[in-house]
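*Asks:* Dropping the sequence and predicted coords here.
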Amino acid sequence: MSVYMIADIKVTDDTWVPAYAASVHDLVHKHGGKYLARSRNVKTLEGKPLDTSFIAVIQFPSAKAVEGFLADPKYAPYAAARKDGSESRFPADRRHRCGRDHFLPAQRINDSARRHISVCRRRRGCSPPCRRDCRIP
C-alpha cells in the first residue's frame with residue numbers, strides 16, 4: 001500500500017540545503033521512494049498562504065519503507081541539519097490497497113464508497129483481487 005509523504009519546509013538557515021539536496025535523493029530512492037513533485041516555487045492558490053520555502057511529495061511503497069528511510073543512520077546527519085536550519089513538517093497519507101481513501105470523514109464520502117469501506121472492514125481488508133478498479137459493491 002503506497003504512502004505519500006509531503007515535505008513542507010520553511011528554511012531558516014540555508015547552509016544545510018546543498019549537502020541535503022546532494023545526498024538525500026539517493027537515500028529516498030534506496031528505500032523505494034519516488035519524488036512525484038518538488039519545488040522551491042511554492043504559491044498558495046487558495047486559503048491562507050503557507051510560510052513554506054520547499055515542498056516535496058514523495059511516494060513510498062509502504063509505511064515500513066518511509067520508516068526505514070527516516071530511521072536510516074545515513075539520513076540522520078542530514079535530518080539533524082535540516083531540523084536545525086528549518087521548520088519542517090512531514091505529514092504522510094496512505095492509500096488503501098484498493099486505491100480508495102479511507103481517511104476522509106464519512107460525510108465527504110459518497111454512498112458507494114461508504115458501502116465499500118464497510119465491506120472492507122467486515123472482511124478486514126479487501127479481497128485479494130481488489131485493486132484500484134475495485135468491484136466490491
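*Replies:* Sure, I can see it.
*Asks:* contacting residues for the closest residue to residue 72 other than its chain neighbours?
*Replies:* Excluding its sequence neighbours, the residue lying closest to residue 72 (CB to CB, 6 or more residues apart in numbering) is residue 27, at 6.0 Å. (Each C-beta comes from the backbone N, C-alpha and C, glycine too.) Residue 27 makes contacts with 69, 72, 74-75, 78, as judged by CB atoms under 8 Å, 6 or more residues apart in numbering.
*Asks:* quick one, phi/psi of residue 27?
*Replies:* With angles defined as degrees, to the nearest 10, residue 27 sits at phi -70, psi -40.
*Asks:* From residue 50, how far off is it?
*Replies:* To residue 50, residue 27 is 25 Å away according to CB to CB, to the nearest Å.
*Asks:* cool, residue 67 as well?
*Replies:* Distance from residue 67 to residue 50, by CB to CB: 26 Å.
*Asks:* any chance you could map the helices in the chain?
*Replies:* Secondary structure of the chain (DSSP state H): helices located at 17-30, 63-71, 76-84, 111-123.
*Asks:* and the angle from the third one to helix 17-30?
*Replies:* What it means is helix 76-84. 130 degrees (axes from the mean of the first three to the mean of the last three CA atoms, to 10 degrees).
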